[in-house]
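Chemist: Sequence plus the predicted model coming up.
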Amino acid sequence: MIWSANNLNQIQGERFVDIHCHCLSDIDDGPASMPESIELCKALAADGIGTVIATPHQLGRFDNSNSSEQIRDAVNQLNEELKVNEIDLEILPGGDVRIDERICQLINEDKVMTAADGKRYLMLELVSEVLINIEPLLSETNRAGLSVIISHPERYRIVSAKPEIIEKWLERGVSLQITAGSLLGEFGSTAKEASELFLAEGWISFIATDAHDVYLRRPCMRAAYELIAEKAGVQTAKELCIENPQRVIRGEDLAEITENRIEATRQNAGQHQENSTIAAAGRRARDI
């Protein structure tokens, strides 16, 4: 049996692209072994995903480990194992890079990875405990021709509590990647509410699994896609789960966050709330 998303009931047969996933074995806090990595890849394919950017942690507590060469080698090895196990999934190299003033220098020295190894997009992980001013780093990345993607901002309480910070980042060309599980409430109510706010404001550019295993941090892209399609429309769901991720792989500009898209999202959200209210009223009437 070939583990594939091709036969799943995907809208227009398109497969998701996951730009943030910890699927490489024995390299960070993802799978501890190749068999565990294979199980995660089966789950990714079953979730409708066709391409994954492997993003092991770099810098921070993984400083001086997980080199670019090591990541590329691990990706090649995993792709070979996927072929042997007939899992219809492609893995590309990348990194989940902890904020560090040396990032641009380390990219130039090929010690830190860019998304899909394309030298265009950088997946940037912040710290949870304190709010660090990223403006100096953004100035440096802009000069280097790098576009910054902030990973899971909804899960940083200090950031989600100050949405005006997000607006400043967006004005600087930063894009936001939200974790699929956050929209589904798997990271708590605060992350869920923040991700819903970011979606309603039209601030999100990507949905990614940030999957680590098949248990506590499993992939749930399909469920997030369906929720976004219901709340914000099918086109927005495709843009966040398929089209913008494809643009990252190709090194292209992302779809612009336009006023039309924001208005369409708000209209869909309003209709979703109205339908939910009507359904709830119907249930109460049946219970009387």
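Modeler: In hand now; what should we look at?
Chemist: Show me where the protein dips below the pLDDT cut-off.
Modeler: By pLDDT under 70, the low-scoring segments of the chain are 1-13, 258-288.
Chemist: where exactly do the strands run in it?
Modeler: All strands of the chain, identified by DSSP state E, fall at 16-21, 49-54, 57-58, 90-93, 96-98, 121-125, 147-151, 175-179, 204-208.
Chemist: who does the third one touch, helix- and strand-wise?
Modeler: Just to be clear, that refers to strand 57-58. With contacts taken as 3 or more Cβ pairs under 8 Å, 6 or more residues apart in numbering; DSSP states H and E, strand 57-58 sits against strand 96-98. C-beta coordinates here come from the backbone N, C-alpha and C atoms, glycine included.
Chemist: Please list all residues in contact with residue 28.
Modeler: 22, 56-57, 62, 66 (Cβ atoms under 8 Å, 6 or more residues apart in numbering).
Chemist: same check, this time on residue 207
Modeler: By Cβ under 8 Å, 6+ apart, the neighbours of residue 207 are 177-180, 183, 221, 224-225, 228, 240-241.
Chemist: which two in these are spaced the farthest apart?
Modeler: Among these, the pair separated by the greatest distance (Cβ to Cβ) is 177 and 225, at 14.6 Å.
Chemist: I'd like the contacts of residue 28 laid out as TSV, including neighbour count and distance to residue 158.
Modeler: Output for the contacts of residue 28, formatted as TSV (neighbours: other Cβ atoms under 10 Å; distance: Cβ to Cβ, whole Å):
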residue	neighbour count	distance to residue 158
22	22	23
56	25	25
57	20	20
62	17	22
66	23	26
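Chemist: Out of these, flag the one nearest to residue 100.
Modeler: The closest of the contacts of residue 28, once distances to residue 100 are taken by Cβ to Cβ, is residue 62, at 11.0 Å.
Chemist: Would you mind measuring from the closest residue to that closest one other than its chain neighbours to residue 157?
Modeler: Excluding the flanking residues, the one nearest residue 62 by Cβ to Cβ, 6 or more residues apart in numbering is residue 28, at 6.3 Å. Residue 28 is 23 Å from residue 157, where distance means Cβ to Cβ, to the nearest Å.
Chemist: Quick check: phi and psi at the residue nearest to residue 62.
Modeler: Here is the backbone geometry of residue 28 (degrees, to the nearest 10): phi -150, psi -140.
Chemist: Now, the contacts of residue 207 that are in helices?
Modeler: Residues of the contacts of residue 207 located in helices (DSSP state H): 180, 183, 221, 224-225, 228.
Chemist: ok, the closest residue to residue 159 other than its chain neighbours to residue 161 distance?
Modeler: Using Cβ to Cβ, 6+ apart and skipping the chain neighbours, the partner closest in space to residue 159 is residue 153 (5.1 Å). Residue 153 is 11 Å from residue 161, where distance means Cβ to Cβ.
Chemist: cool, and residue 235?
Modeler: 30 Å.
Chemist: If you count surrounding residues, which of the two has more?
Modeler: residue 235 (15 against 11; other Cβ atoms under 10 Å).
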